[in-house]
Structures are given as structure tokens and as C-alpha cells.
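Chemist: Curious how this folds, go ahead:
(one chain, ligands or ions: 1)
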Amino acid sequence: MKILVTGGAGYIGSHACVVLAARGHEVVVVDNHSNSSPQVLTRIAQLTGAPVVASTVDLRDAVGLARLFAEHRFEAVMHFAALKVVADSIARPQEYESNNVGGTASLLAAMKQASVSRLVFSSSAAVYDATASIQVGEDAPLGAGHPYGQSKLSCEHLIAQQANETADFHAVNLRYFNPVGAHPSGLLGEDPHGTPTNLMPYVSQVAVGQRARLPIFGDDYATPDGTGVRDYLHVMDLARAHADALDFLVRERRSLTANLGTGQGVSVLELVQAFERVSGRAVPYDIVARRAGDVAALYADPSLAQRVLGWRAELDLEAMCRDAWHWQSRNPQGYATS
Ligand code: UFG
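Modeler: From the prediction side, this is the model:
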């Protein structure tokens, strides 16, 4: 199938491109490179053995998007392009509304215009009310605590509206828990701008010597060791789920919303210890105050994805840490290293 991958140069989109190509699909990347390096496209090409067809277009540019849809006959769209830093979304909510929701609205309009009827959407566990449940099924209470999560929920609503209004249009919303790790080659990985806000890239940067010490946000939560518990998921498992979601759309011609996680809770200290084991490096840390907005524990009930998509996470915490370390040690400054 010929697939448009929005945000295909980003962390998750780039891994999805490699998995889709390995399944025989043809990918076309659209990315505005607001948070990604064009260097990623060269790395994807190295892994797939073919040049990547890519356009630098912002999804809000309706004319640029229409041109792209006229140039190619897409059979499906995978939509990753979005801003994703929770703290930034609190500081600049309009930017998240405009980029994430506006971009999705523009993409949906272009799909409608071109009669493209299959969409896989990169949603997030951030759409749930994290204060209401610990293990979260798809029917758990919704209600994001920040503009980033609200923007993902608004996108899901726009997608549902298009599905209601357009015969044959079907979408899979994939609600990710905590994606981590990297392509096992060490050629692709997570390369956040500035100080990482997520745990795994921070740990990796401490281990490689880019940062001195990891701040651990609280050790007095009601969890077994007092640190926060989350559901970490290997980015290669996550990428595979997108290819499975596409197969689902072809096979079943209906829409779906599904969680993606392992279903296992892992604490901050457990992750740090696993990382030290596989990397052979020390990760010195300080226990600091809790981070505003964090909850004690949040992990997925991923049984729907297993039942309906036939997908389950296969790679364990050790593989997540090993591949994150392989990426970080080969690329100490991320894509800027080369
Ligand atoms: N943590 C630290 N130190 C750090 C960074 C994180 O101790 O430097 C801790 C957090 O307190 C939390 C755990 O590590 O207990 C994971 O934190 P992350 O920031 O990596 O991930 P979150 O679960 O907070 O956030 C993730 C996604 C968001 C999404 C959110 C809600 O990154 O996009 O889940 O589902 F909004």
C-alpha cells in the first residue's frame, strides 16, 4: 500500500516507516521538521535500502497538502505529526491547539477531498483522567489534565466526526502509554531538543555523560518503592502495532480505539537499575520534589489490542534499555552527532 506518514521524521514515525517498508508498503513522509532532523530520512533509507520520498510541509498548509494528495494516490494515512511536550503545552496552549488540532483538521479535509479512507492516529494515554484509574481500559474516564492531552482528545473527536459523516472512512486511534527504546541498529532513536522531559532519554543522557545526575521526581508515592510507576513500551513493538492497525482497517472496515502498552507497571528506580545493568554505566540520581501533574501509577489494560489487532508487546524492559543505550552511546548528541 502507498501510505502517507505525517511526522515520519519524528521518533515514533521514523520507526513506523521502517516497519511499514519491511512489510512491503511504500511510504511517503510529510514533516515540517519543527522537532525532527532531516538526517532521519537518510537513516531510514539506510535501513530500508531505498531513498525516502519526503516533503517538508506543515499540515496546516492546505495548499501544500492538497498538492501532495494530488501527486500520490495514498491508500492510507498514518498521522504522527504533533507537538508532545506536556509542560510546553501548559505554557503555550494555543500553539498545541493550532498545531495538533488544526493540523489534524487540515489533514482530514485533504483526505476527504482525495477520498482516502484509512487513518491510523497517534493518540495517547494522556487522553485519560489519570487521577481516576491506575490500570486503564479504553472505557476509563477521559479528561486530560493538560492542553497536550486535550489536543489529542480533540483530534479523536474530529476523526470520529469524519467517520460519522463519510461512508467508508475508518480510523484506528492508538493510545500509547510510555514509548521508549530505539531501533536495534542504533541508527534511529529518540532525540529530544534541550533537556529531556521524559525519563528514558534523561537516563540515557546521564549514562553517556551528557548530563550529571537524574532528578527523580518523588519517592513518597504509594507504590512499592515510592517512585512513579508507568507502562513503558518498546518503540519497535509500537511501530509494529501501526502496521497491524492498517491490516485491521483493510480486513474489518471499521473504526477502533485501542490502548498500546505492556500492561506491566515499572517504577522509576526499576528502570534506572535495569538501565545500569545493561549499559554497565552508573546513573547517579537525586530524589527531588514531585513534578506537578504526575500521578503515582498509570498503566494500560492492553487486552483489546491483543484481541482485536492480534498485537501484544514482545520486548521487555531489558530490551528497551539495551536499545535506548545502543542508540545513545552511538549517537551521544543524537542526530547532530554525525
Ligand atoms: N521522571 C523522573 N525524572 C525525570 C523524568 C521523569 O523521575 O527526569 C519520572 C516521572 O515522575 C514519572 C516517570 O518518570 O514517574 C515517567 O515520566 P515521563 O515524563 O517519562 O512520562 P509521563 O508518564 O509523565 O508522560 C507520558 C508521556 C506524555 C503523556 C503522559 C500521560 O510522555 O506525553 O504520559 O499519559 F501526556
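Chemist: what ranges do the strands span in the stretch 1-150 of the chain?
Modeler: 2-6, 26-30, 53-55, 76-79, 118-124, 135-136 (DSSP state E, counting those that start in this stretch).
Chemist: and the fifth one, what does it pack onto?
Modeler: The one in question is strand 118-124. Applying 3 or more C-beta pairs under 8 Å, 6 or more residues apart in numbering; DSSP states H and E, we find strand 118-124 packed against strand 76-79, helix 103-113, helix 147-165, strand 170-176, helix 235-252. C-beta: built from backbone N, CA, C; applies to glycine.
Chemist: who's in contact with Ala82?
Modeler: 7, 99-100, 103, 122, 151-152 (C-beta atoms under 8 Å, 6 or more residues apart in numbering).
Chemist: State the number of residues packed around the residue of the stretch 101-250 of the chain found nearest the ligand.
Modeler: Residue of the stretch 101-250 of the chain nearest the ligand, by C-beta to the nearest ligand atom: Gly228 (2.2 Å). Using other C-beta atoms under 10 Å, Gly228 has 25 other residues around it.
Chemist: do Thr257 as well
Modeler: Thr257 - counted by other C-beta under 10 Å - has 18 other residues nearby.
Chemist: Pretty sure it sits against Ala163.
Modeler: No: if you go by C-beta atoms under 8 Å, Thr257 and Ala163 don't touch, sitting 10.9 Å apart.
Chemist: possible to save the strands of the stretch 1-150 of the chain as CSV with mean pLDDT?
Modeler: As requested, the strands of the stretch 1-150 of the chain are arranged in CSV below (pLDDT from 0 to 100):
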stretch, mean pLDDT
strand 2-6, 98
strand 26-30, 98
strand 53-55, 96
strand 76-79, 98
strand 118-124, 98
strand 135-136, 97
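Chemist: Leaving out the residues flanking it, which one is nearest to Ala22?
Modeler: Excluding the flanking residues, the one nearest Ala22 by C-beta to C-beta, 6 or more residues apart in numbering is Thr48, at 7.5 Å.
Chemist: is it true that the one you found touches Val18?
Modeler: Yes: with contact defined as C-beta under 8 Å, Thr48 counts as touching Val18 (6.1 Å).
Chemist: Show me which of these two is the more surrounded one.
Modeler: Val18 (20 against 16).
Chemist: Which residue comes closest to the more buried one once chain neighbours are left out?
Modeler: Leu47 (5.0 Å).
Chemist: ok, now Thr337?
Modeler: Asn331 (4.4 Å).
Chemist: if we can go back for a sec, can you redo the strands of the stretch 1-150 of the chain as JSON lines, where the extra columns are distance to the ligand?
Modeler: JSON lines is the format used below for the strands of the stretch 1-150 of the chain (distance: least, C-beta to the nearest ligand atom, whole Å):
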{"stretch": "strand 2-6", "distance to the ligand": "18"}
{"stretch": "strand 26-30", "distance to the ligand": "22"}
{"stretch": "strand 53-55", "distance to the ligand": "25"}
{"stretch": "strand 76-79", "distance to the ligand": "16"}
{"stretch": "strand 118-124", "distance to the ligand": "5"}
{"stretch": "strand 135-136", "distance to the ligand": "9"}
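Chemist: Make JSON lines out of those and add mean neighbour count.
Modeler: Listed next are these as JSON lines, based on neighbours: other C-beta atoms under 10 Å:
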{"stretch": "strand 2-6", "mean neighbour count": "24"}
{"stretch": "strand 26-30", "mean neighbour count": "22"}
{"stretch": "strand 53-55", "mean neighbour count": "18"}
{"stretch": "strand 76-79", "mean neighbour count": "26"}
{"stretch": "strand 118-124", "mean neighbour count": "25"}
{"stretch": "strand 135-136", "mean neighbour count": "20"}
